[in-house]
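Chemist: quick one, what's the 3D model for this:
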Amino acid sequence: MLDVHPLGAEVHPTLTVSGLLDPLDAGRLVMASVHKEIRRPENPAPGKGGHLVLVTGRQGDTVHFRNPSGHTGQARTASLPAAEFAEFFGGRGVSLT
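Modeler: Have a look, this model is predicted:
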């Protein structure tokens, strides 16, 4: 399988939001553990982690991510300020190369 879809990964068992931005700045994608209610960011985060989203990049302090279980188009392809993302972020992830 590796020959068909070569994909490198680095596990980050402890990751800050600023640490999450470093791989993005290097052009990498990051699977980040967030609370599933990130799909409703207008509500307070009921917890952190337990659900994976694919963080695809950032612009300034805005984090862009894909949430395949989002209940609306806006929830599936989403952007949040890093500080708001941090409220849902479980502090761990996997960066992909």
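Chemist: doesn't Gly49 lie inside a helix?
Modeler: No - read with DSSP: H, G, I helix; E, B strand; the rest coil, Gly49 is coil and lies in no helix.
Chemist: got a list of what the nearest residue to Leu96 once chain neighbours are set aside touches?
Modeler: By the measure of Cβ to Cβ, 6 or more residues apart in numbering, the closest residue to Leu96 outside its immediate chain neighbours is Leu29, 4.6 Å from it. (Each C-beta comes from the backbone N, C-alpha and C, glycine too.) Contact partners of Leu29, counting by Cβ atoms under 8 Å, 6 or more residues apart in numbering, are 23, 54-56, 95-96.
Chemist: of those residues, which is the most crowded?
Modeler: Neighbour counts for these, by other Cβ atoms under 10 Å, peak at Val55, which reaches 24 neighbours.
Chemist: my read: Phe65 touches Ala32, true?
Modeler: Yes - if you go by Cβ atoms under 8 Å, Phe65 and Ala32 touch, sitting 7.3 Å apart.
Chemist: max-length helix in this protein?
Modeler: In terms of residue count, the longest helix belonging to the chain (DSSP state H) is helix 17-25.
Chemist: and that one, C-alpha only, in CSV?
Modeler: These are the backbone C-alpha positions of helix 17-25, laid out as CSV (Å, rounded to 0.1, in the frame of the first residue of the first chain):
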residue,chain,number,x,y,z
VAL,A,17,-2.0,25.6,18.7
SER,A,18,1.1,27.6,17.9
GLY,A,19,2.9,24.2,17.4
LEU,A,20,0.1,23.2,15.0
LEU,A,21,0.7,26.3,12.9
ASP,A,22,4.4,25.4,12.3
PRO,A,23,3.7,22.3,10.1
LEU,A,24,1.0,24.3,8.2
ASP,A,25,3.6,27.0,7.5
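Chemist: so what touches it?
Modeler: 10, 12, 29-30, 32, 55, 57-58, 63, 82-83, 85-86, 89, 93, 95.
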